[in-house]
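> this one's sequence-less:
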């Protein structure tokens, strides 16, 4: 790893910090007036830099206890219920393979569960030699005043020649930020209402 | 089944389309016995609301009998129900606050993007309206799939007619919430712009809530006559200087509360500009805010402004100075229908509220296109159209 491209665990650590992460990384080299640390998550910075990585993330509040949401992410059978385009998830100990639908067939991404704090956080990181270099992390926090749980999810990946095409195809032209946000909203619907809203008038529509 | 479908500007047709079926566990299927054309359906008829697709089934004021239930529905086959136009899950933060029209979970996620871009937050789902609000097939049809049927529909007793309770679906709670948002106190004068169905129900509600006087403003003689019959004083703005008259009728103080039941009407909401706005994340040009502008100037210092009228975009020449310098309070929003249906049904059954005076025309669903044309073109005479599925074509 070079200085310009921090490795994935570092990216995750930086993202996990709420305080001025993006500013610290993105503007440390710039001159100008000293500013107090920014409270916003790094990925919302106007100028952020995570080395060679693309980073997207989103937070939703779900009216459900942390333990229930943790179980949804921990149990592979539940993941396909709310993640669009996810065909299957195979788990073997800490090894997790994500099978993603693409127009050209399935794309498998092999990852390892690198962080597992019950009811608090989960993170998966691609194994060496995986087709896509990627890390995904989910963090759970109690929302204020009994409003449920704040679920923050983010994905960091390194675009690479060849793989970029496949990854983009998996997303079928959709912004990964929007796709991730929509998956979180589906999870919210499922947990809060027991179903995922549709305006289809028939099952086949 | 037969259903009124949208095909473009001033082009609605009754088509044969597939019957709906239970899709989600909390669904119910309703066989529609009565449905109405709403003023906001005319925005769709004029093709000034974005996000319609040819073939969409319109209608968001409807009632009927339950013919099928999903495993999580609490309704029973044969129940007679009125269905709120707002689709609400009953479980999210907003529904928990009674803010049902802000439900987080009723608009399908892929349909939320447009309104999230336009308004900062996604809208909730509505029946028979734009795909920005879900694109749910509507109630001007023989059958409707009703999601979250354990939360929205209110069961009504058999002893009451369809026409007595149909408007619980939208316009009666909308008029009621408009008056509630005016926060009426003893001795208050309430001025209401617009004597369409919502304005008329707001007048009725404001008087029930104890307003000293309600002053109604419109230009259609027929509608002003209805307002007068309800107990309002009336101003025809084509004959009278409204601001001056309101001051004179309130001892030189001005109305304590004002209600804008006009909204953007059919002006200033051009689809090409909206598409530009969606692309550019900037304004879509001017809604016609004339009534609201007048209301803000007319209301007394420290008064309340209630806006049930529908707006969609941005406003030019908005009197923000009057708003701030006079210390006004504004309350508005799509109606939280589910919050009001129970108490309003009670008032109907007690004989306190009668809504049937509003209905000017009763047609078969097969004649719905005629209903649209006349409700659109002859507003003075055609105040409210009720459609009955299954009835023979009559016009």
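Received it, and whenever you're ready, just let me know what you need. What you see is a predicted model, and the numbers here were worked out from it, not measured in a lab.
> helix or strand for residue 35, which one?
You didn't pick a chain, so chain A it is. Using DSSP states H and E, residue A:35 falls within no helix or strand.
> think we crossed wires, I meant chain B
With secondary structure defined by DSSP H and E, residue B:35 is part of strand B:28-37.
> and if you look at residue B:81?
Here residue B:81, judged by DSSP H and E, is contained in strand B:80-83.
> next helix or strand past that strand?
Immediately after strand B:80-83, counting by DSSP H and E, sits strand B:86-87.
> buried set for the helix or strand immediately after that following strand in the chain?
For strand B:86-87, the following helix or strand on the C-terminal side (DSSP H and E) is helix B:93-96. Within helix B:93-96, the residues scored as buried using 16 or more other CB atoms under 10 Å in any protein chain shown are B:93-95. Just so you know, the C-beta spots here come from the backbone N, C-alpha and C atoms, and that holds for glycine as well.
> equivalent analysis for stretch B:358-376, please.
Buried positions in stretch B:358-376, judged by neighbour count with 16+ other CB under 10 Å: B:358-372, B:374-376.
> these also near chain A: which ones?
Near chain A, taking CB under 8 Å from any CB of the partner chain as the test, no member of the buried residues of stretch B:358-376 is found.
> can you flag which of those belong to helices?
Secondary structure from DSSP state H places B:368-372, B:374-376 of these in helices.
> what's downstream of the strand holding residue B:35, the next helix or strand?
helix B:39-45.
> pLDDT weak spots in chain A?
Scanning chain A for pLDDT under 70 picks out the ranges A:1-31, A:104, A:159-176.
> residue A:139: what secondary structure?
strand (DSSP: H, G, I helix; E, B strand; the rest coil).
> bridged to it, which residues?
According to DSSP bridges, the residues that bridge with residue A:139 are residue A:121, residue A:152.
> what's the spacing between it and residue A:58?
Look at residue A:139 and residue A:58: by CB to CB, to the nearest Å, they are 12 Å apart.
> give me the common contacts of those two.
By CB atoms under 8 Å, 6 or more residues apart in numbering or on different chains, residue A:139 and residue A:58 have these common neighbours: A:152-153.
> which non-adjacent residue is nearest residue B:96?
Distance criterion CB to CB, 6 or more residues apart in numbering or on different chains; nearest residue to residue B:96, sequence neighbours excluded, is residue A:63 at 7.6 Å.
> for the ones in helices among the buried residues of stretch B:358-376, could you give me CSV that also reports distance to residue B:251?
Compiled in CSV, these are given as follows (distance: CB to CB, whole Å):
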residue, distance to residue B:251
B:368, 48
B:369, 49
B:370, 48
B:371, 44
B:372, 44
B:374, 42
B:375, 39
B:376, 40
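> turn the residues you listed into a markdown table, including pLDDT and distance to residue A:108.
Converted to a markdown table, these look like this (pLDDT from 0 to 100; distance: CB to CB, whole Å):
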| residue | pLDDT | distance to residue A:108 |
| --- | --- | --- |
| B:368 | 97 | 53 |
| B:369 | 97 | 54 |
| B:370 | 97 | 59 |
| B:371 | 97 | 57 |
| B:372 | 97 | 54 |
| B:374 | 96 | 61 |
| B:375 | 94 | 58 |
| B:376 | 92 | 57 |
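> pretty sure the residue nearest to residue B:96 is touching residue B:94, no?
No - between residue A:63 and residue B:94 there is no contact under CB atoms under 8 Å: 10.3 Å.
> overlap of the contact sets of these two?
By CB under 8 Å, 6+ apart, no residue touches both residue A:63 and residue B:94.
> the longest strand in chain A is where?
strand A:105-117 (DSSP state E).
> return the distance of stretch B:231-248 from the chain's centre.
Counting by CA atoms, centre = their mean, to the nearest Å, stretch B:231-248 is centred 25 Å from the centre of its parent chain.
> stretch B:346-359 too?
Once both centres are worked out by CA atoms, centre = their mean, stretch B:346-359 turns out to sit 18 Å from its chain's centre.
> what's the strand holding residue B:81 in contact with?
Contact partners of strand B:80-83, identified using CB under 8 Å, 6+ apart, comprise B:30, B:33, B:62-66, B:75, B:127, B:139, B:144, B:146, B:152-158, B:165-166, B:168-169, B:341, B:345.
> tell me which of the residues you listed fall in strands.
Per DSSP E, these map to strands at B:30, B:33, B:62-66, B:144, B:146, B:154-155.
> now for those residues: which two are most distant?
The most widely separated members of these are B:144 and B:155, with 16.0 Å between them, by CB to CB.
> so between those two, which is more surrounded?
residue B:144 (29 against 13; other CB atoms under 10 Å in any protein chain shown).
> how about that one, nearest residue that isn't a chain neighbour?
residue B:30 (4.9 Å).
> secondary structure class for the closest residue to residue B:319 other than its chain neighbours?
Distances taken as CB to CB, 6+ apart put residue B:296 closest to residue B:319, at 4.9 Å, once the chain neighbours are dropped. With three-state DSSP as the basis, residue B:296 sits in helix.
> which helices and strands does the helix or strand encompassing residue B:202 pack with?
Using DSSP H and E, residue B:202 sits in helix B:197-208. Applying 3 or more CB pairs under 8 Å, 6 or more residues apart in numbering or on different chains; DSSP states H and E, we find helix B:197-208 packed against helix B:171-181, strand B:189-193, strand B:213-218, helix B:221-230, strand B:257-260.
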